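J.: Dropping a prediction and its sequence here:
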Amino acid sequence: MRLPCEVSVVSRLLPSAGLRGPGRSVRAVVALGKPPGGGGGGGGAWLLVSTARHRPGTKYQLRENIGQLFTKFVEEGKATIRLKEPAVDICLSKANVSQLKTFLSAVKLADRSTNEETLPLSTLVPPKASEVEKPKTKMTITSRKDYPLTRNFPHTLEHLQASYCRLARIDMRMLCLKSLQKLDLSHNHIKKLPATIGDLVCLQELNLQDNHLESFSVALCNSTLQKSLQSLDLSQNKIKALPAQFCQLRELIQLKLDDNELIRLPFRFGQLSQLRFLFVARNKLPFLPSDFAKLSLESLDLFGNPFEQPKPLVPDMQLKIPLTLLEYSARATINYRLPYSCHILPSHLCYDLEMSKSCQCGQACLSSFIQTTVTMNLHRVAHTVVLVDNMGGTAAPILRYFCSLTCYSQFLDRHL
């Protein structure tokens, strides 16, 4: 029985001699078994602690030799085996919890057993070098010739970079790396993202700069990335629009969308409440969504977008008088915060309610409204603003909605 973990062997006699114990824990394999040929100075089970520096390891007899087992933090993968002779504490950490519990149960049985046959033991042999080496957590590949074609990626990877490898699609082997926190696939030829990226539950940073992407799927927006993704780089691609569900990635802190073909930002962009760094330079944005005013950013770059001149006196009239029953019902549902779901309403109505607009008076409107653009100083939403154009401007047009002619008239009276 073997247990991969980190180990620190501490002598209890060192303090009495005025000496300090060993330093930090090291990667090791702790094995339970019997010595080759039954040797080792006694029968019964023995413990073998092997490290990368000393693979043959150190053996400790267990029969009637355990002073105490400390298991208070076993749910964190930690435990300590206190031996009577020699007077040492074998401190285990960073172990798999279920494996550790099984191992400790076997250690208890080995301590009490007087009959070896009741405890089936294999012969102790030193582990392979790969078993005691520190798990590889970072891999950087920056050329096609270095890309692993015949061997798998280490399953312990937390940071993987595979740039300039001419990848046309994401390697499915990467999507099996459940500990992956940072994935950098910049400067490749990737055209489409598989929905299974959302299965990387620990993924915090995703870099897809300089690829051939044309979209970002709804499936990714609805995946576990909602809770984990903090940094997303989609710059230098061919994306024309992001889905409305993109705003469900509410843990995003940094978002890079430079050098795409974006003609609009998602309607509910203001829902990205954690967003602090936003880069959308050199796209095709004519204006900003109304929700943009809800952001609170540290840095904002919108340079090089063909923003239209605001025209508050030339509105887009979508107002229908009298209002339809559907419009009345939808407004009441939003304004009075009535609960709704796909179990109560058809899914298309739920989607329409989620896409409702907000008037300046605070009331909602669905498909009957007045739309126009007004000027907003970007310093209202960001501490640092890159100039919008070569003329030194820091203002951009933003959409505004009005639920009635009265609200629109009041707006004109106040601002014109």
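T.: Now that the structure is in, tell me what you want to look at.
J.: Hmm, C202 and L225 touching each other?
T.: No. With contacts counted by C-beta atoms under 8 Å, L225 stays clear of C202, the gap being 10.6 Å. Where C-beta positions appear, they are placed from N, C-alpha and C, glycine not excepted.
J.: okay, those two: which has more neighbours?
T.: L225 (23 against 13; other C-beta atoms under 10 Å).
J.: List the contacts of the more buried one.
T.: I197, G198, L200, L203, L206, L249 (C-beta atoms under 8 Å, 6 or more residues apart in numbering).
J.: remind me which residues of the stretch 1-150 of the chain are low pLDDT?
T.: Applying pLDDT under 70 to the stretch 1-150 of the chain flags the ranges 15-23, 37-43, 113-120, 132.
J.: can we see that at 50?
T.: Across the stretch 1-150 of the chain, the ranges flagged by pLDDT under 50 are 40.
J.: which residues in it form strands?
T.: 2-11, 26-33, 46-51, 58-61, 66-70, 79-83, 88-93, 138-141 (DSSP state E, counting those that start in this stretch).
J.: Rebuild these as CSV, extending it with mean neighbour count and distance to P397.
T.: Output for those, formatted as CSV (neighbours: other C-beta atoms under 10 Å; distance: least, C-beta to C-beta, whole Å):
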stretch, mean neighbour count, distance to P397
strand 2-11, 18, 57
strand 26-33, 21, 58
strand 46-51, 22, 65
strand 58-61, 19, 73
strand 66-70, 14, 66
strand 79-83, 21, 63
strand 88-93, 20, 57
strand 138-141, 14, 43
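J.: Could you export the ones you listed to TSV, including columns for distance to C165?
T.: Below are the strands of the stretch 1-150 of the chain laid out as TSV (distance: least, C-beta to C-beta, whole Å):
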stretch	distance to C165
strand 2-11	31
strand 26-33	30
strand 46-51	35
strand 58-61	44
strand 66-70	48
strand 79-83	43
strand 88-93	37
strand 138-141	6
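J.: who's in contact with the nearest residue to N377 once chain neighbours are set aside?
T.: Computed as C-beta to C-beta, 6 or more residues apart in numbering, the closest residue to N377 that is not its neighbour in sequence is A395, at 5.1 Å. For A395, the contacting residues are T375, M376, N377, L378, V388, by C-beta under 8 Å, 6+ apart.
J.: swap in C403?
T.: By C-beta under 8 Å, 6+ apart, the neighbours of C403 are R331, K357, C359, C361, Q363, A364, C365, S368, F369.
J.: Would you mind listing the two of the residues you listed that lie farthest apart?
T.: C361 and S368 (14.7 Å; C-beta to C-beta).
J.: who's more crowded, those two?
T.: A count of neighbours by other C-beta under 10 Å puts S368 above the other of C361 and S368, at 21 against 12.
J.: How much space separates L83 from Q61?
T.: Distance, L83 to Q61, using C-beta to C-beta, to the nearest Å: 8 Å.
J.: likewise T372?
T.: For T372, the distance to Q61 - C-beta to C-beta - is 85 Å.
J.: before we move on, what about G77?
T.: Applying C-beta to C-beta to G77 and Q61 gives a distance of 25 Å.
J.: what does S409 give?
T.: For S409, the distance to Q61 - C-beta to C-beta - is 92 Å.
J.: Likewise for T384?
T.: In terms of C-beta to C-beta, T384 sits 66 Å off from Q61.
J.: Kindly report the same for H189.
T.: Counting by C-beta to C-beta - H189 and Q61 are separated by 60 Å.
J.: Strands of the stretch 201-350 of the chain, residue ranges please.
T.: 205-207, 231-233, 254-256, 277-279, 297-301, 316-317.
J.: Name the strands paired with the second one and say parallel or antiparallel.
T.: Here the strand partners of strand 231-233, with direction, are listed using DSSP bridges: strand 205-207 (parallel), strand 254-256 (parallel).
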